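Chemist: Mind looking at a prediction? Sequence and model below.
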Amino acid sequence: MKQSTKRRSSPTTEREFGGTLGASCIPVLLPLLVLFLLSVSRSPGASLLQWPPQLPPTSALWDPLAPLLLLGWFTLHAFLYLLPLGKVSEGLVLKNGTRLKYPINGFHALVISVGLLLLLLWLGVPLGSLFDLLLPLAVCATGLSFLLSFYLYISSFWAPPHALAPGGNTGNPLYDFFIGRELNPRIGNFDLKYFCELRPGLIGWVVVNLGMLMKEVELRDGASLAMLLVNGFQLLYVADALWNEEAVLTTMDIVHDGFGFMLAFGDLAWVPFAYSLQASFLVVHPVELGAAAATAIVLLNGIGYYIFRKSNSQKNVFRRDPKHPSVSSLETIATATGKRLLVSGWWGLVRHPNYLGDLLMALAWSLPCGFSHLLPYFYVGYFTVLLVHREARDERQCRAKYGQAWDAYCQRVPYRIFPYLY
Ligand SMILES: NC(=O)C1=CN([C@@H]2O[C@H](COP(=O)(O)OP(=O)(O)OC[C@H]3O[C@@H](n4cnc5c(N)ncnc54)[C@H](OP(=O)(O)O)[C@@H]3O)[C@@H](O)[C@H]2O)C=CC1
Ligand SMILES: CC(C)=CCC[C@@H](C)[C@H]1CC=C2C3=C(CC[C@@]21C)[C@@]1(C)CC[C@H](O)C(C)(C)[C@@H]1CC3
């Protein structure tokens, strides 16, 4: 019986992220990196290069309030996810020919969360205290990611073979735990990956940023322009993701990747605590931004956002309805799978215009922090590595899927992310 299940689920041999070694080290190193980055961001020197590296004392890692806040936050978002608000959309066709249904009410969840935060502020709740709770909250979010990943790994053995992700089914427990065995794990109709990707962590990032802003107000009787820009840009990014929630159903994470430790930790701990580093840095290292610099940064964010949004929407519309008037006149090439590839419009400029826009925004989020420290630029560096690696993974998958048609696309559009550079 065991043997036949193995054969039917066709274990894969190709390994990513450094294979078993990567899968064993990353779950230890990344949580430590988050704690390191958070404690550096609040230290006076904020030096990433200090040796020995500065790690927080264990007493700073725990506060009984942290698990309660986290539990309340997750319960609230699970409840909002289940509310019959907004429409219900179908995902792409699965291996067994069916499509899953997803509630599109993430933007409602954001608006309700922001409303609740404003109510708390009005009631005089000191949201600035989040600054002192960041380390314990990051520890609890990491613990929760591990618990969730164990649950996902174990429950995946009850999933039918067609529900397994192509890459997380090697038979090596460490690797499969890390990458994720099951593609769309659900409890009833509650889709765990889709929920985690866009709700508690992403909206949690906005809350952490607001907490940092309020801490600055407490310390300096007002918010700085730099802090307002960082909060505004990142709120726009999160609001955009939730406004265009349906588009996430065609991204690699939902369509291709399993749900394991990497995504669980990425969604629940890495995004809210590592993506908010600029705001926590600004609490302790204020920056005075002139009007000209602020205008240039706003412009850079605007250009990045425009490229990011237009290119993502173009591909999403094309994948859902190639005859849609906004994409029907674009030049395409046929592939043996029956799907076509865009070779004009945004996807004719470079092979990943959406990554280009995202990277321009990443730079605009760091620039308000000035040039005195490296730490605020950690996000730009990490994100460049993530997207270059992601582009290579996607390229491999597309070459396997589309063969010669993909090669023809690469000849026609030679640059991957940066026109004339890369
Ligand atoms: N802030 C963050 O931390 C992160 C943000 N992102 C952002 O998420 C967004 C989604 O990125 P991601 O999921 O990596 O991948 P993409 O949305 O870029 O999707 C890649 C897929 O698009 C399809 N595709 C590629 N080229 C073409 C073409 N020429 N014509 C039509 N379809 C094409 C292929 O799938 P198929 O042909 O099967 O449809 C390919 O696998 C990006 O904007 C990215 O910047 C991503 C990671 C992290
Ligand atoms: C280092 C580490 C643990 C990496 C894991 C990677 C994850 C943090 C990212 C993988 C893909 C992501 C996406 C978004 C957030 C970061 C993760 C989870 C995203 C939700 C951000 C908002 C965008 O508009 C998006 C919806 C396109 C995007 C989807 C991919």
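Modeler: Structure received. Ligands and ions are numbered 1, 2, ... in the order given.

Chemist: For the rest of this, base every contact and every neighbour count on C-alpha atoms.
Modeler: Will do.

Chemist: buried residues in stretch 32-49?
Modeler: 34-42, 46-48 (16 or more other CA atoms under 10 Å).

Chemist: Of these, which ones also sit close to ligand 2?
Modeler: The subset of the buried residues of stretch 32-49 within reach of ligand 2, by CA under 6 Å from any ligand atom, is empty.

Chemist: Around ligand 2, pick out the residues from the chain.
Modeler: 197-198, 241, 248, 262-263, 265-267, 270-271.

Chemist: the helices in the stretch 151-300 of the chain, which residues?
Modeler: Secondary structure of the stretch 151-300 of the chain, counting by DSSP state H, counting those that start in this stretch: helices at 173-179, 192-198, 200-220, 225-243, 252-255, 261-265, 271-274, 277-284, 291-320.

Chemist: for these, which one sits closest to residue 406?
Modeler: Proximity to residue 406 (CA to CA) singles out helix 291-320 among those, at 15.9 Å.

Chemist: Does anything pack onto the closest one? Which helices or strands?
Modeler: Applying 3 or more CA pairs under 8 Å, 6 or more residues apart in numbering; DSSP states H and E, one finds that helix 291-320 contacts helix 225-243, helix 353-366.

Chemist: mean confidence for it?
Modeler: If you average the pLDDT over helix 291-320, you get 95.

Chemist: what number of residues lie near residue 292?
Modeler: 9 (other CA atoms under 10 Å).

Chemist: Please report the distance of it from residue 298.
Modeler: Distance, residue 292 to residue 298, by CA to CA, to the nearest Å: 10 Å.

Chemist: Turn the helices and strands packed on helix 291-320 into a markdown table, columns for mean neighbour count.
Modeler: Listed next are the helices and strands packed on helix 291-320 as a markdown table, based on neighbours: other CA atoms under 10 Å:
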| stretch | mean neighbour count |
| --- | --- |
| helix 225-243 | 19 |
| helix 353-366 | 24 |
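
Chemist: Let me have those in JSON lines, adding mean pLDDT and distance to ligand 1 as columns.
Modeler: Below are those laid out as JSON lines (pLDDT from 0 to 100; distance: least, CA to the nearest ligand atom, whole Å):
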{"stretch": "helix 225-243", "mean pLDDT": "98", "distance to ligand 1": "9"}
{"stretch": "helix 353-366", "mean pLDDT": "98", "distance to ligand 1": "4"}
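
Chemist: Can you add distance to residue 128 and give these back as a markdown table?
Modeler: Listed next are the helices and strands packed on helix 291-320 as a markdown table, based on distance: least, CA to CA, whole Å:
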| stretch | distance to residue 128 |
| --- | --- |
| helix 225-243 | 13 |
| helix 353-366 | 21 |
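
Chemist: Nearest to residue 168, out of these?
Modeler: helix 353-366 (24.7 Å).

Chemist: which is the next helix or strand following that closest one?
Modeler: helix 378-402 (DSSP states H and E).

Chemist: Relative to the whole chain's centre, how far out is that following helix?
Modeler: Offset of helix 378-402 from its chain centre (CA atoms, centre = their mean, to the nearest Å): 14 Å.

Chemist: Counting by contacts, list what it packs against.
Modeler: In this structure, helix 378-402 makes packing contacts with helix 353-366, helix 404-412, judged by 3+ CA pairs under 8 Å, 6+ apart.

Chemist: Of the residues of the chain next to ligand 2, select the buried ones using a ChimeraX command.
Modeler: In ChimeraX, selecting the buried portion of the residues of the chain next to ligand 2, with burial taken from 16+ other CA under 10 Å, looks like this:
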select :197,198,241,248,262,263,265,266,267,270,271
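
Chemist: what would the residues of the chain next to ligand 2 look like in TSV with distance to residue 28?
Modeler: Listed next are the residues of the chain next to ligand 2 as TSV, based on distance: CA to CA, whole Å:
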residue	distance to residue 28
197	21
198	24
241	29
248	28
262	11
263	15
265	11
266	13
267	16
270	13
271	17
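
Chemist: Residue 128 reaches residue 209, doesn't it?
Modeler: No - in this structure, residue 128 is not within contact of residue 209 by CA atoms under 8 Å, at 9.8 Å.

Chemist: Quick one: name whatever helix or strand follows the helix or strand where residue 74 lies.
Modeler: Per DSSP H and E: residue 74 is located in helix 65-82. Sequence order places strand 87-90 as the next helix or strand after helix 65-82, per DSSP H and E.

Chemist: That following strand: partners in the sheet, and parallel or antiparallel?
Modeler: Strands flanking strand 87-90 in the sheet, each with its direction: strand 101-104 (antiparallel) (DSSP bridges).

Chemist: Show me which residues of the helix or strand just after the partner strand are buried.
Modeler: Following strand 101-104 in sequence order, the next helix or strand is helix 106-122 (DSSP H and E). Using 16+ other CA under 10 Å as the test for burial, helix 106-122 gives 106-110, 113-114, 117.

Chemist: And stretch 81-98, by the same measure?
Modeler: Result for stretch 81-98 [16+ other CA under 10 Å]: buried residues 81, 91-92.

Chemist: any chance of those in TSV, plus pLDDT?
Modeler: What follows is those, written out as TSV (pLDDT from 0 to 100):
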residue	pLDDT
81	96
91	88
92	83
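
Chemist: Contact partners for the residue of the stretch 301-422 of the chain found nearest ligand 2?
Modeler: Closest to ligand 2 within the stretch 301-422 of the chain is residue 386: 7.3 Å, counting by CA to the nearest ligand atom. Applying CA atoms under 8 Å, 6 or more residues apart in numbering to residue 386 gives no contacts.

Chemist: What spatial separation is found between it and residue 379?
Modeler: Taken as CA to CA, the span from residue 386 to residue 379 is 10 Å.
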